[in-house]
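Asker: Next one to model:
(2 chains)
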Number of protein chains: 2
Amino acid sequence: MPFGDRTMPLPQLDAALSYLDGDLENALERLFHLMRYQSVSTDPAYASECRRAAEWIAGDLAGIGFEARVAETPGHPITIAHHEGAVPGAPHLLFYGHYDVQPADPLELWEGSPFAPELRKREDGSHYIHGRGASDDKGQLMTFVEACRAWKAATGTLPCCITILIEGEEESGGESLPAFLNAHRDELGADIALICDTSMFDPETPAITTVLRGNVAEQVTIHAAARDLHSGLYGGAAQNPIHVLTRILAEMHDTDGKITIPHFHDGVSEPDPAIRAQWEKLPFSAEHFLGEVGLARPAGERGRSVLEQIWARPTAEVNGIWGGYTGEGFKTVIPAEASAKISFRLVGDQDPEHVREAFREFVRDRLPPDCRAEFLARGGGRATAMKLDNPIFEKARRALSEEWEREAAFIGSGGSIPVVSLLKERLGMESLLIGFGNDDDRIHSPNEKYELKSFQKGMRSWARVLAALAA
Amino acid sequence: MPFGDRTMPLPQLDAALSYLDGDLENALERLFHLMRYQSVSTDPAYASECRRAAEWIAGDLAGIGFEARVAETPGHPITIAHHEGAVPGAPHLLFYGHYDVQPADPLELWEGSPFAPELRKREDGSHYIHGRGASDDKGQLMTFVEACRAWKAATGTLPCCITILIEGEEESGGESLPAFLNAHRDELGADIALICDTSMFDPETPAITTVLRGNVAEQVTIHAAARDLHSGLYGGAAQNPIHVLTRILAEMHDTDGKITIPHFHDGVSEPDPAIRAQWEKLPFSAEHFLGEVGLARPAGERGRSVLEQIWARPTAEVNGIWGGYTGEGFKTVIPAEASAKISFRLVGDQDPEHVREAFREFVRDRLPPDCRAEFLARGGGRATAMKLDNPIFEKARRALSEEWEREAAFIGSGGSIPVVSLLKERLGMESLLIGFGNDDDRIHSPNEKYELKSFQKGMRSWARVLAALAA
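Answerer: This next block holds a predicted model:
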């Protein structure tokens, strides 16, 4: 039984775990405080809220004993903190999280206020934390912070040397981070990065994410006439940019759900056979996964399982579209322009800039006379597949399995965490992705939540992982 | 020479024309006053502005000597006014106009304020009236009101018995008018309707519009998942309603620009050969018409002239589209829904409700699993072709030709004026459509304007038409 096979039967670990259990109420209050900052990074109106969140975290880490500061960037600031470790030869860890959150709109769909976090109880007695950022990523990052606090309180120190980096542009393209990593290469160097921004395999089964899709995002505007036109006077003769845009976007997928953009698939590869074999054994239910959000049938590439569709295949999704009159009532206008936001998920060796250029070419090739396309580049990052031969993965897996009394899984994730490829490229660092989110956390949606169980056992998990890695 | 061949050499007409010339400054001030009301009918926020506009018009007409009142409807009120005529046997005329205007957005594209009207001068010395409603329809309707004022002031009475109906929902579906016409059938009965809501053939050539497209408008929302989804976690497996919507809208036209909706073309007919022959002789330049709005090539049905495309062929135009995240920055969301506003222009005997149902069927037939479509009906009206054997058309044409010293044209219009078919259906009345707009008036767009020449010669034209019809 691996669950009983403790890697490091430390009395200190037990003391840290006890501390966490006893301090839960305070830990929740700290998380709620952080969640009250409306740190929406994509909207400049909330810049000061982002800064306040960064400063609060620096203060909290300083209180634990970290040497902490708020570092400036051209965008939102980054909190950095350092703490020495007690165990000689233990690895130096770089923990990464982000304090920024997605916009809360549509506000009217929230039951309660997105920035007034609450602990809520279900009829079955279980509890969850309600509010924007509960899961992505404030609740998750605080599981690590609380584990550090407990180690420090219970033992006077930390088992490993730890650097913490909490950024504020993860939800908005992350444009400041690459240069920041370059400029702080020495300060941020570590043996491995720990990232808490992913999900468990299911509510009972902890997981380490070892395959991540990349992404690249792009905004396109199609321009036609020099001004909005009356659809009665000009309709039938004048180019309508909404028509042009819908036609081009509709052509991105064929009837089998495959992306048709030439050169888009350059670098796409199938996942490692060992990884795929493990995925096939996972008790994944496509019906349940889709059913939970009101869907019954996979809408993606024909001939691929749902797990492949979300973990191992590239995508092209229109995330937003707008043009013409969209208010109350009606306006019979042929607009001068129409726009869309499109993001691509990448796998294998797909290059974000190559994909961006392929998309732009695809659009340009389809432009009728009198139309022009304007593009706006948004951030991007490559897909990642971890090298599992690093013993750290197995140590962490055992620590997780102990806490959850269930064999932890190595899983994929359809989401993109650009920092993973950045850390690899810029600092040569592998990442250990451990998160306690659930698929129904509604991250990026109204009524985001985080299970109290995720928060509680997440903190305990990190306390154990720190012990395991120090051993 | 028809221009010199006066049908009614009245000293009264000369007196009325002189009065108009002397009172221009006051007439402009009255128009500006009306234009300052932000009577945007489609947005409930401006309901009180609509009412104030209706009341001001009633007051102005009462001042001329009309028996005027503001009548309630379930929507915006309607101004009605009556005045007896002096010439025995002269026809009873029903003048129709609308005090409501299109929304002013996008506000940032206006040079100046949309509701602070001004007379502006060009370098060539010509003047124009700048502001929302300048042309559509406040400036136009006031040409008729001023003609009545001048007749009254110069002669003490009006040559014909005149009823005036000014409604406030022309730009927002006109839902109150049909029931209102039914309920006031006796009060509104007249020999012919006069409508001032159309354009001249070109800036020098007055026109009577004898063929009008109909229209029908529809809003559709495609629903997929029960909530917004994270495009990383669900992308590739979950249905994206923006994709569904763009695919369906893109299929509405084939590569020749023809509408593909089954049964859509039921009732479409070619225009009367005599009308078409007259159109072919008009000095219409497609290059100029399109070039003026920054376009070079007709984008409509292949094999049709631009005049046919805009006057004689049906259309399907997406007037607005929206879905997902459309704010600043980026949000990698698969939205739960996506929407569009679509309007159709109708010709011949196309039935608006039949077209609406054909469109809905077209959408439903293309819905993939897990999606549903929600429809919202907007107003509609049939196309109209006037019977030109009524001698009133020829009398009016002569009066116009005299004022502009140029043979007036019988033209078509791509725009829809639903009241024309309503008056025909409900009150059995033909309409005489005379307007002084220009194609570059930017109605429905930022920086709407009306030529001072249109306003001035428009008033004089109506003074002449009243005399001609009374003769």
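Asker: okay, and the helix or strand of chain A with the least pLDDT?
Answerer: Taking mean pLDDT, DSSP states H and E as the measure, helix A:273-281 is the helix or strand of chain A with the lowest mean score, a mean of 84.
Asker: Show me what the following helix or strand past that helix packs onto, helices and strands only.
Answerer: Tracing the chain C-terminally past helix A:273-281 and defining elements by DSSP states H and E, one meets helix A:286-291 next. Counting contacts by 3 or more CB pairs under 8 Å, 6 or more residues apart in numbering or on different chains; DSSP states H and E, helix A:286-291 is packed against helix A:306-311. Any C-beta I mention is one placed from the backbone N, CA and C, and that applies to glycine too.
Asker: Name the next helix or strand downstream of the helix it packs on, please.
Answerer: Following helix A:306-311 in sequence, per DSSP H and E, is strand A:315-324.
Asker: Whatever helix or strand comes next after that following strand: partners in the sheet, and parallel or antiparallel?
Answerer: Remark: after strand A:315-324, the chain's next helix or strand is strand A:333-334, criterion DSSP H and E. As defined by DSSP bridges, the strand partners of strand A:333-334 come to strand A:229-230 (antiparallel).
Asker: wait, does the least confident helix or strand of chain A contact chain B?
Answerer: No. Applying CB under 8 Å from any CB of the partner chain, one finds helix A:273-281 separated from chain B by no less than 14.2 Å.
Asker: How about the secondary structure of the nearest residue to residue A:367 once chain neighbours are set aside?
Answerer: With CB to CB, 6 or more residues apart in numbering or on different chains as the criterion, residue A:367 has its nearest non-adjacent residue at 5.9 Å, and that residue is residue A:373. Under DSSP: H, G, I helix; E, B strand; the rest coil, residue A:373 falls in the strand class.
Asker: show me the contacts for residue A:373.
Answerer: A:220-223, A:360, A:363-364, A:367 (CB atoms under 8 Å, 6 or more residues apart in numbering or on different chains).
Asker: can you do 7 Å?
Answerer: In this structure, residue A:373 makes contact with A:220, A:222, A:363-364, A:367, judged by CB atoms under 7 Å, 6 or more residues apart in numbering or on different chains.
Asker: ok, so what distance separates the residue lying farthest from the centre of chain A from chain B?
Answerer: Here the centre of chain A is the reference, and by CA atoms, centre = their mean the most remote residue is residue A:233, at 48.1 Å. Computed as CB to the nearest CB, to the nearest Å, the residue A:233 to chain B distance reads 5 Å.
Asker: what's the next secondary structure element after the host helix or strand of that residue?
Answerer: When elements are assigned from DSSP H and E, residue A:233 belongs to helix A:231-234. The helix or strand immediately downstream of helix A:231-234 is helix A:241-250, counting by DSSP H and E.
Asker: any idea how far residue B:192 is from the residue nearest to residue A:261 when sequence neighbours are not counted?
Answerer: With CB to CB, 6+ apart as the criterion, residue A:261 has its nearest non-adjacent residue at 4.6 Å, and that residue is residue A:362. Using CB to CB, to the nearest Å, one obtains 56 Å as the distance from residue A:362 to residue B:192.
Asker: In terms of pLDDT, where does residue A:69 sit?
Answerer: The score at residue A:69 is 98. That number is its pLDDT.
Asker: Run the chain-centre distance for stretch A:414-424.
Answerer: Mean C-alpha position of stretch A:414-424 versus that of the full chain (CA atoms, centre = their mean, to the nearest Å) differs by 9 Å.
Asker: and stretch A:326-336, which residues are buried?
Answerer: Of the residues in stretch A:326-336, those buried under the neighbour-count criterion (16 or more other CB atoms under 10 Å in any protein chain shown) are A:326, A:329-336.
Asker: how about a markdown table for the residues you listed, with distance to residue B:11 and pLDDT added?
Answerer: Putting the buried residues of stretch A:326-336 into a markdown table (distance: CB to CB, whole Å; pLDDT from 0 to 100) gives the following:
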| residue | distance to residue B:11 | pLDDT |
| --- | --- | --- |
| A:326 | 56 | 93 |
| A:329 | 49 | 82 |
| A:330 | 48 | 81 |
| A:331 | 47 | 83 |
| A:332 | 45 | 87 |
| A:333 | 47 | 92 |
| A:334 | 49 | 96 |
| A:335 | 52 | 97 |
| A:336 | 51 | 97 |
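Asker: How about the contacts made by the closest residue to chain B within the stretch 1-150 of chain A?
Answerer: Closest contact between the stretch 1-150 of chain A and chain B, by CB to the nearest CB, is at residue A:42 (2.9 Å). By CB under 7 Å, 6+ apart, the residues touching residue A:42 are A:103, A:171-172, B:328-331.
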